[in-house]
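>>> Provided below are the primary sequence and the corresponding predicted coordinates.
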Amino acid sequence: MRVVYLADNLFDAHLVKHALEEAEIPAFVFGESLLGGMGELPLFGVLRVCVPDPAFPEAEGIVQGLGLESRDDGPILESDDEGVGILPA
């Protein structure tokens, strides 16, 4: 699975999911259940729309065509191991 879109809100996440499913690309929204536990503090970077690895290039084009801005400052994911634990000299 690869993250194709980091959403700021649930509406955008499901808009992307439905657009991908219209193109017959399986899409999954992760992080929905975390929204209920956020309390009074804003919680950003937890809503992710993911697609299977082989569908990523086509899905990326569909998401770009929607004109939504994706957040680049989401949580650190397992695949984000570059530079972890390295301090600048």
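Looks like it arrived, so ask away. Numbering: from 1, shown residues only.

>>> Please enumerate the strands of the chain.
2-7, 28-30, 47-51 (DSSP state E).

>>> quick one: strands adjacent to the first one?
For strand 2-7, the paired strands and their directions (DSSP bridges) read strand 47-51 (antiparallel).

>>> ditto for the second one
Each strand that strand 28-30 pairs with, and the sense of that pairing, follows from DSSP bridges: strand 47-51 (antiparallel).

>>> Give me the contacts around the partner strand.
Applying CB atoms under 8 Å, 6 or more residues apart in numbering, the set of residues contacting strand 47-51 from outside is 1-10, 12-13, 16-17, 20, 25-32, 35, 59, 63, 74. The way it works is simple: take the backbone N, C-alpha and C, and place the C-beta from them, glycine included.

>>> Now do the contacts for the closest residue to Val4 other than its chain neighbours.
Spatial nearest neighbour of Val4, excluding adjacent residues (CB to CB, 6 or more residues apart in numbering): Ala59 at 4.6 Å. In this structure, Ala59 makes contact with Val4, Leu20, Ala23, Ile25, Ala27, Val51, judged by CB under 8 Å, 6+ apart.

>>> Ala59 and Gly31: what is the separation?
Here the criterion is CB to CB, to the nearest Å. By it, Ala59 lies 18 Å from Gly31.

>>> burial of the spatially closest residue to Asp53 that is not a sequence neighbour, as a residue count?
Using CB to CB, 6+ apart and skipping residues adjacent in sequence, the residue nearest Asp53 is Arg2, 5.6 Å away. Using other CB atoms under 10 Å, the number of residues around Arg2 comes to 16.

>>> List the contacts of Arg2.
Arg2 neighbours (CB under 8 Å, 6+ apart): Cys50, Val51, Pro52, Asp53, Phe56.

>>> list the contacts for Val4?
By CB under 8 Å, 6+ apart, the contact list for Val4 reads Val16, Leu20, Ala27, Val49, Cys50, Val51, Phe56, Ala59, Glu60, Val63.

>>> Of those residues, which pair is most distant in space?
Greatest spatial distance in those: Val16 and Phe56, 13.3 Å, computed using CB to CB.

>>> Having no further points to raise, I will conclude here.
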